[in-house]
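Novice: My questions concern the predicted model and sequence given below.
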Amino acid sequence: MDVALDSLRFIDLSTSSIIFLFIVGFIGGLVSGFIGSGGAFVLTPGMMSLGVPGTVAVASNMCHKFPKALVGAIKRFRYGQVDIKLGLVMAVSAGVGVQFGIKLQRIILEKWGQSGSNLYVSLSFVAVLILVGGYVFYDAMTADKSGKPKPGVSLAQRLQKIELWPMMTFKTAGVRISMWFTIPVGLATGMLAATIAVGGFVGVPGMIYIIGCSGLVASATELVIAFVMGLGGTVNWAMHGMVDIRLTVIILAGSLLGVQLGAIGTTIVKESLIKFVMGSIMLIVAVSRGLAVPKYLAELGLMDVDPGTVSIMDKASFLIMCAALTFGALIILGSMYKARKANAAEEEREAIVRV
């Protein structure tokens, strides 16, 4: 059975569905430009909440990702935030991870069907979002008022002291570290990008806490990696008929608008806010996907759940997803407005002083 064609029965492209997908794409792009993630932890669950099969949501998301990532990378390169060398080095190992991840997803789909694939995607989301989101949120909350983390020797600083050939220097990131420490981060980023359409919320924290990049450079450089992974992964997924171009076009249209605003936001807000937004959205989305798990367990015959209960949990999952989207958009846009207002007031005061 062609899963991509079968997806036509799952999604109703009514006016409301198109508007919802466009908004999801816009906020996904906003988040992508702001924190460097491809926004998949918003987009994939958003599509699945409408009934799109996990594999189709992953493949269609990846298809829209690489042009959006290219736009964001160019925008932030002009701001001097992208480390091209680091991005290309990590893209190599990420590319290997992508191919492995696609193979794993296909094995799950063939053995347990669409319900098994949906369960795998949802459980993976919950596990990774709680783990990474919780750590990032904690780090943001324990930073001092200036947005800088509390003093101490970080894991990245310890790794940078290990002289393991070949050592590589990344000028924009201001980091000198062994190439071997970049490989696990790249592999994990690529594998997750291919299997559950995520990558940025592993790649960005990985570059911050393992390699030692600043939040701004890590989030910008991740866009380069996302472009390379997205291009290669899309070709592979499309060859297996998993890409639903309708979904891709709709979310891409919204994303291209959002990513521009998100990239601008990184130049006028504190770095700790980027981490706060990233961690908060991850934890909210984790709750949303967690509520969908019993439905897939019931479909596989692994849990006896009342249909009424499943319906309620489905609706709750969708509403929480909407809450996550709204929360992220309001925080990012609100912070940008406050920062611009403060900058304008400062410029006005300087003008008065000069007069």
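Specialist: Good, I have the coordinates.

Novice: packing partners for the strand or helix carrying G334?
Specialist: Using DSSP states H and E, G334 maps to helix 307-354. With contacts defined as 3 or more C-beta pairs under 8 Å, 6 or more residues apart in numbering; DSSP states H and E, helix 307-354 has these neighbours: helix 15-35, helix 40-48, helix 245-265, helix 271-290, helix 293-299. From N, CA and C alone the C-beta is placed, and that goes for glycine too.

Novice: ok, now with 6 Å
Specialist: When contacts are defined as 3 or more C-beta pairs under 6 Å, 6 or more residues apart in numbering; DSSP states H and E, helix 307-354 packs onto helix 15-35, helix 271-290.

Novice: can you give me how far the helix or strand hosting G113 is from the chain middle?
Specialist: Assessed by DSSP H and E, G113 sits inside helix 84-141. Chain-centre distance of helix 84-141: 10 Å, with C-alpha atoms, centre = their mean, to the nearest Å.

Novice: Also stretch 278-292?
Specialist: 12 Å.

Novice: neighbouring contacts of that stretch?
Specialist: With contacts defined as C-beta atoms under 6 Å, 6 or more residues apart in numbering, stretch 278-292 is touched by 35, 41, 45, 122, 125-126, 129-130, 133, 136-137, 140, 313, 316-317, 320-321, 324, 328.

Novice: Let me know the average pLDDT across it.
Specialist: Stretch 278-292 comes out with an average pLDDT of 83.

Novice: And stretch 237-245, by the same measure?
Specialist: Mean predicted lDDT for stretch 237-245 stands at 84.

Novice: From the chain's centroid, how far away is it?
Specialist: 21 Å.

Novice: now the end-to-end length of that stretch.
Specialist: This stretch, stretch 237-245, spans 12 Å end to end (C-alpha to C-alpha, to the nearest Å).

Novice: Follow the chain on from the helix holding G113 and name the next helix or strand.
Specialist: helix 155-160.

Novice: Just the buried residues of that next one, please?
Specialist: Neighbour counts using 16 or more other C-beta atoms under 10 Å place A156, L159, Q160 of helix 155-160 among the buried residues.

Novice: Over to stretch 41-61?
Specialist: For stretch 41-61, burial by neighbour count (16+ other C-beta under 10 Å) applies to 41-50, 52-61.

Novice: Next: stretch 247-262.
Specialist: Neighbour counts using 16+ other C-beta under 10 Å place 247-248, 250-256, 258-262 of stretch 247-262 among the buried residues.

Novice: before we move on, what about stretch 156-173?
Specialist: Neighbour counts over stretch 156-173 (16+ other C-beta under 10 Å) mark A156, L159, Q160, M168, F170, T172, A173 as buried.

Novice: same question, stretch 323-338
Specialist: So stretch 323-338, judged by 16+ other C-beta under 10 Å, has buried residues A324, L325, G328, A329, I331, I332, L333, S335, M336.

Novice: The first one and P294: what is the separation?
Specialist: As defined by C-beta to C-beta, to the nearest Å, A324 lies at a distance of 20 Å from P294.
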